[in-house]
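J.: Okay, sequence plus prediction incoming.
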Amino acid sequence: MAQAPTMVRPRPADEPPSRSEATPGRGFRGDVEGLRAVAVGLVLLYHAGLSLVPGGFVGVDVFFVISGFLITGLLVKELRKTGRISLAGFYARRAKRLLPATAVVLISTAVLVLMFVPKIHWTEIGGDIVASALYVVNWRLANRSVDYLAEDSGASPLQHFWSLAVEEQYYLVWPVLILLATLWVRRRGRPMTGALWLGLAVIGLPSLAWSIYQTAYEPARAFFITTTRMWELAVGAAVAIAASQLARMPRVVAVVLGWAGLAAIAASGLVYSVRTPWPGSAALLPVLGSAAVIAAGTAAGRAGPIMLLGTRPFLWVGALSYSLYLWHWPLIVIATYYWGGLSVQRGLLLAAISVIPAYLTYRLIENPFRHSAALSRSPRLALSIGANATMIGVLAGTMVVLAVPTAAAPAGPSPGAAVLEPRTGSGTGAAKGAPVDKVEWITPDPLQATKDVPELYADGCQVSEASSDPKACVYGNPDGKTTVALVGDSKIAQWLPAFQELAKTNDWKIVTQTKSACPLSTAPITLKGEVYQSCADWNSNLLAALTGPDKPDYVITSQVRSIALKPAGLSGHAAGVDAMVAGMHASWTTLTDAGVKVIVLGDTPQTGMSVYECVSENTDHLTRCTYDRARGVTRSALPTQQAAVAGMPEVKLVDLTRSICPTPKCAPVIGNVLVYRQGSHLTATYIKTLAPKLGEELTAAGLPADGKS
C-alpha cells in the first residue's frame, strides 16, 4: 500500500538547474526543471494533508525518472566526449552538490528533535539521522514497516531521505555498469548504444518484475527498498539514451505525447491514494507519464508542456526543489509531534514556511559549494568535503541518541521483585489501583517499555503479515501433562509471560500459534484496506494443525479485531460484528467438535493514547496519562468476544479488565508497574503480576491452574 508519510527526492541531477545543465546534444531543459516543480508541489500538498491530491506521493516516482534521465545523460555525454567515465569525478560532483546542504538539514533536525519531540522517540530518530547521513535509511524504514513491535513508531522527520538513499544506491551500480559495458563492447568492436540498452535491461526488467511481486506480497516493505525502484530510474535512463532519436519525432506526435504524459502524472496524483498498492504496476502511470513529458519535450517545442512548465514560477520552484524537499518534511513531522496532530491549514502553512530555510540553503549552501572553482578542479577535495558532511550527519544523529536520559522514572527493584500485588495500589496512598500523580518508582522504565515484550518475538514465533504458514513454539514443560495453545494475534501473545509463570506450578506445555493482526476466525478481514488473505489461509492451515494428531487440550485465544467482512456467497449475517462472531463460532466449533476445549481471554481496553510515552513525559503528573475504562472497553474487541461466547455456552470467557483497570479512570502505573507498552498491549512485567489472578479465572473457566509459585 502507498504510505502516507513518504516523500520525494527532488533535484536529483549532479549539476544545478542552470543554463549549463544539459542533456545529450541539447541545452537547458526548462520543461524538465518545471516538471520538478510539479512533482514537489504534489508532494508538499500531499504531506500538508490536502485531500485533493491523495496520490501526491507519485512525486517520488516522477523524480526518479528525472534523475535517471539527467544523470544518464551526463554520463553518456562524458563517455561520448572523452571515451571514458571518471567515477571519481562523478561522485565528487554529487558530493559537492548534495552533501553540504544535507548536513545542514540533519544538524538542524537533530536540534529541533531535542527541543520539540518527546524523548521517548529520540533513540529511533537519532538512528534515522545516522542512516540518512549514510544513505541507507530506506532499508531501516523497510524493516520497521514490517516490524509489528514498531506499531507506535510515528513518521520519522528523516523519512523523506529514503528516496535519496534509493538514488545513491542506484548510482553505485549504474555508472560502473556503463563503464563495464563500454569496455566490453570496445574489445568486441560493437556499438556502445547496444551495450547501454543491455545494461538497462539487466537492471530495469528484473526490478519491475520484483516490484510487482513484492508489492503484492509485502507492500509496506516494497515501498522503501531499492530493488523495487531501480526500474523507475532505468526508464529515465532509457529516455536519455534514446534522446537523439526522440528529438526527431514528428512535432504533432510529440505535442500529444508530452501533454498526455503530464495528464497521466496529474491523474495519478488525483486518483491514486494510500489504498493503491505501491509501487508495483500502478507506478507505471506516473513513471511512463514522466518519461513521455521528457521524451517529447525537444521535438514538441513551445507547443508542448514547456508552455506551462517553462514559466517563471515553475522554473523558480524547480530550482529550489532540492532544498525545499530537505526542509519541509522535518518541519511538518516535528510540528506534528509537538502539537499532537496537524490540521490541513497548519500543514499548508508549514509547507509555505519551509520555503524560507530552503531559499537560504539554496543561496548560502547549495550554490557556493556547487559553483566552487576549487571543488570543480579537485575531485579529491570535493569528495573530502562530502565525507566530512556525512560525518557531521552521523555525529548529529549520535548526539540525539546520547542525549536520551538513562531513565525517565525513579529506579526501583528489579522487574522480578516488582511482581507483587500491583492491583492493590498505584503508589503511596492509593487504594485498589486508583490513579495518582506520583509513585516511588516505575518498572519497566517508560523509555524501555517497547522492549518489555514476551520472548516469543525474539524467538521469531510471531508469524508475519505476509506468511500463511503456522509456526508453533513451545514453552513451559515440553512433556507437560496438559497442553495449552495460545492462539490468535498479539493480544494473546502478550499473555505468554503469565502462562509461563502458571506453567511452572501446573506442569503445562505451552504452545504459541500467533500471527500479526490475525484473529482465530474464519471470517475474512481487511488489512491496510485490502482483504487479509494470508490471515484466512493461516486460519485454515492452523485449524487443521489444532485438530490433528498433536491437538492441544485447551486453546486459549484473544484478539484485537471486532469486525469482519461478510464471507462471499453467504447471506446469513451482515458485515461487521455479526460477521466476526459467525467466524469465531465456526473456528471454535471446529475445535470443540475435535475435543479441544476453548477459553477466550478478553481483549484489553483500548487506551486511545500512547500511555508509556505520556508517562515518560509526566512522571510527576501521572494522572495526565489516565483514560476512561468504559470507553476503553467499548473501543476494544471485548464486546464482540462477549457476544460470541454468549452464543456458545461450552466456550468460556476470562475477563481481567478489572485487574488491568480497577477504577473507572484507568491508572497508567499500578503497584509501581507500568501497565501499557505499545497501543493497548500490556507490558510483560505487568502481565506477570496478573498470573495469580489469571490462574483463578482459568480455574473457574474449567482449566485448573494453581497460581502460586
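T.: Perfect, I can see it now.
J.: Tell me which helix or strand in this structure has the weakest average pLDDT.
T.: Least confident element among the helices and strands of the chain, by mean pLDDT, DSSP states H and E: helix 174-188 (a mean of 81).
J.: And the next helix or strand past that one?
T.: Per DSSP states H and E, the first helix or strand lying C-terminal to helix 174-188 is helix 192-217.
J.: what mean pLDDT does that following helix have?
T.: Average pLDDT, helix 192-217: 90.
J.: now that helix against helix 174-188, angle please.
T.: Relative orientation of helix 192-217 versus helix 174-188 (axes from the mean of the first three to the mean of the last three CA atoms, to 10 degrees): 140 degrees.
J.: helices and strands around the helix or strand just after helix 192-217, which ones?
T.: Counting by DSSP H and E, the next helix or strand C-terminal to helix 192-217 is helix 219-222. If contacts are counted by 3 or more CB pairs under 8 Å, 6 or more residues apart in numbering; DSSP states H and E, helix 219-222 sits against helix 137-145, helix 192-217. C-beta coordinates here come from the backbone N, C-alpha and C atoms, glycine included.
J.: Give me the phi and psi for Lys77.
T.: phi -60, psi -40 (degrees, to the nearest 10).
J.: quick one, what contacts the residue found closest to Thr526 once you drop the neighbours it is linked to in the chain?
T.: Distance criterion CB to CB, 6 or more residues apart in numbering; nearest residue to Thr526, sequence neighbours excluded, is Tyr532 at 5.9 Å. The contact partners of Tyr532, by CB atoms under 8 Å, 6 or more residues apart in numbering, come to 465, 517-518, 524-526.
J.: if I look at Tyr532, how far off is Leu79?
T.: 50 Å (CB to CB, to the nearest Å).
J.: Could you do Tyr217 as well?
T.: Following CB to CB, the distance that separates Tyr217 from Leu79 is 38 Å.
J.: Which one's more surrounded, the two?
T.: Set Tyr217 next to Leu79 and count neighbours by other CB atoms under 10 Å: Leu79 wins out with 18 against 12.
J.: In contact with the closest residue in space to Glu455 that isn't next to it in sequence, which residues?
T.: Spatial nearest neighbour of Glu455, excluding adjacent residues (CB to CB, 6+ apart): Leu496 at 7.3 Å. Each residue near Leu496 by CB under 8 Å, 6+ apart is listed here: 454-456, 475, 486, 510, 512, 687.
J.: got the helices and strands packed on helix 219-222 as a markdown table, with distance to Pro305 columns?
T.: As requested, the helices and strands packed on helix 219-222 are exported to a markdown table (distance: least, CB to CB, whole Å):
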| stretch | distance to Pro305 |
| --- | --- |
| helix 137-145 | 30 |
| helix 192-217 | 24 |
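J.: Point out the most buried one among the ones you listed.
T.: Mean neighbours per residue, mean count of other CB atoms under 10 Å, is largest over the helices and strands packed on helix 219-222 for helix 137-145, with a mean of 21.
J.: So for it, mean pLDDT?
T.: 91.
J.: Stretch 521-533 too?
T.: Computed over stretch 521-533, the average pLDDT equals 88.
J.: That stretch: which residues count as buried?
T.: 521-525, 527, 532 (16 or more other CB atoms under 10 Å).
J.: how far does that stretch sit from the chain's center?
T.: 20 Å (CA atoms, centre = their mean, to the nearest Å).
J.: For it, measure first residue to last.
T.: Terminal residues of stretch 521-533 lie 12 Å apart, using CA to CA, to the nearest Å.
J.: Check which residues of the least confident helix or strand of the chain are buried.
T.: Buried-residue list, helix 174-188, by 16+ other CB under 10 Å: 174-175, 177-179, 181-182, 185.
J.: now it, how far from the chain's geometric center?
T.: For helix 174-188, the distance to the chain centre is 37 Å (CA atoms, centre = their mean).
J.: just stretch 668-680 next, same as before
T.: 25 Å.
J.: now swap in stretch 237-250 and tell me
T.: 37 Å.
J.: Which members of the contacts of Tyr532 are the farthest-apart pair?
T.: Glu465 and Pro524 (14.8 Å; CB to CB).
J.: The nearest residue to Ala643 once chain neighbours are set aside is in what secondary structure piece?
T.: Residue nearest to Ala643 in three dimensions, not counting chain neighbours: Val581, with 5.4 Å by CB to CB, 6+ apart. Following DSSP H and E, one finds Val581 within helix 577-593.
J.: who does the helix or strand just after that helix pair up with?
T.: Per DSSP H and E, the first helix or strand lying C-terminal to helix 577-593 is strand 597-601. When pairing is defined by DSSP bridges, strand 597-601 lines up against strand 554-558 (parallel), strand 652-654 (parallel).
J.: quick one: buried residues of the lengthiest helix in the chain?
T.: If you go by DSSP state H, the chain has its longest helix at helix 87-116. Within helix 87-116, the residues that count as buried by 16+ other CB under 10 Å are 90-110, 112-114.
J.: average model confidence for the following helix or strand past it?
T.: Using DSSP H and E, the next helix or strand after helix 87-116 towards the C-terminus is helix 122-133. Helix 122-133 shows a mean pLDDT of 95.
J.: between helix 122-133 and helix 87-116, how many degrees?
T.: Using the same axes, to 10 degrees: helix 122-133 against helix 87-116 is 160 degrees.
J.: who's in contact with helix 122-133?
T.: 102-103, 106, 109-110, 113-114, 117, 137, 139-141, 153, 156-159, 161, 164-165, 390-394, 396-404.
J.: Okay, now the unreliable bits of the stretch 351-500 of the chain?
T.: 408-431 (pLDDT under 70).
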